[in-house]
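Enquirer: One predicted model, sequence on top.
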Amino acid sequence: AQKITQTQPGMFVQEKEAVTLDCTYDTSDPSYGLFWYKQPSSGEMIFLIYQGSYDQQNATEGRYSLNFQKARKSANLVISASQLGDSAMYFCAMREGAGRRALTFGSGTRLQVQP
Amino acid sequence: DAGVIQSPRHEVTEMGQEVTLRCKPISGHNSLFWYRQTMMRGLELLIYFNNNVPIDDSGMPEDRFSAKMPNASFSTLKIQPSEPRDSAVYFCASSRTANTEAFFGQGTRLTVV
């Protein structure tokens, strides 16, 4: 079974609008972390935001926020006020078992921000 | 602070040759990961070290692949003999603790012809 599912292969958004990138996960471990990474066309992997399974509040980092719905096992990334530089691949990832396992990545969503 | 450093950035080699990829994690990080990225298979974990000890090598494709971490500041991924299907971008990443984010190197783009 897929550990991380990203159902949107591609998304378009207008500049300055908000966009939500979906991520659902599958684990039976009570301790886990959820991560989002950005991969621009240049190829590097850039860490964006982290949410721990025991965190009570949704994580936020600048224009990025994570809509964490534990019961639904979803961890959607919300990007507010999209910029042209946000165009990239976005990967959701999970780390289970208090670090006993490595990061598992989803298949990614390609976001294109249109002027 | 320098990030994760990988070398070489690009490698083109002939089928059958040995390839060695190198990684220097961020100082003080105790977890190190090797990932492979291809269009077909996405990002796949190859091996995960914690405190220099391999914890999970279930992603290593076959015996042609081997990885070592002789100390906290250096790791290698070796492919011998290389095959065209090994062509991919290989990423090394490190994290400070078991529960913190991983920082990635720039990757090594390997082409086996």
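Expert: Right, received. Where do you want to start?
Enquirer: Please make it C-alpha for all contacts and neighbour counts, starting now.
Expert: Will do.
Enquirer: Near the closest residue to chain A within chain B, how many other residues are there?
Expert: Closest approach between chain B and chain A, counting by CA to the nearest CA: residue B:98, at 4.1 Å. Counted with other CA atoms under 10 Å in any protein chain shown, residues neighbouring residue B:98 total 20.
Enquirer: What count of nearby residues applies to the residue nearest to residue A:53 when sequence neighbours are not counted?
Expert: Counting by CA to CA, 6 or more residues apart in numbering or on different chains, residue A:53 lies nearest to residue A:32, which is 5.3 Å off, once chain neighbours are set aside. Burial of residue A:32 is recorded as 20 neighbouring residues (other CA under 10 Å).
Enquirer: Point me to the helix or strand that includes the residue positioned nearest the centre of chain B.
Expert: With distances taken as CA atoms, centre = their mean, residue B:34 lies nearest the centre of chain B, 3.3 Å away. Here residue B:34, judged by DSSP states H and E, is contained in strand B:31-38.
Enquirer: is that strand up against chain A anywhere?
Expert: Yes. Using CA under 8 Å from any CA of the partner chain, strand B:31-38 reaches chain A at residue B:33.
Enquirer: That strand pairs with which strands, and in what direction?
Expert: strand B:42-50 (antiparallel), strand B:88-95 (antiparallel) (DSSP bridges).
Enquirer: Tell me which of those strands sits most buried.
Expert: strand B:88-95 (a mean of 25; mean count of other CA atoms under 10 Å in any protein chain shown).
Enquirer: Whichever helix or strand comes after that one and chain A in contact?
Expert: Per DSSP H and E, the first helix or strand lying C-terminal to strand B:88-95 is strand B:102-104. Yes. Using CA under 8 Å from any CA, strand B:102-104 reaches chain A at B:102, B:103, B:104.
Enquirer: so the first one sits right up against residue B:92, yeah?
Expert: No. The pair formed by residue B:102 and residue B:92 falls short of the contact definition of CA atoms under 8 Å, at 9.6 Å.
Enquirer: okay, now residue A:56: neighbour count?
Expert: By the measure other CA under 10 Å, the count of residues near residue A:56 is 9.
Enquirer: does the helix or strand of chain A with the lowest mean pLDDT come close to chain B?
Expert: Using mean pLDDT, DSSP states H and E, the weakest-scoring helix or strand in chain A turns out to be strand A:104-105, at a mean of 92. Yes. Among the residues of strand A:104-105, A:104, A:105 lie within reach of chain B under CA under 8 Å from any CA.
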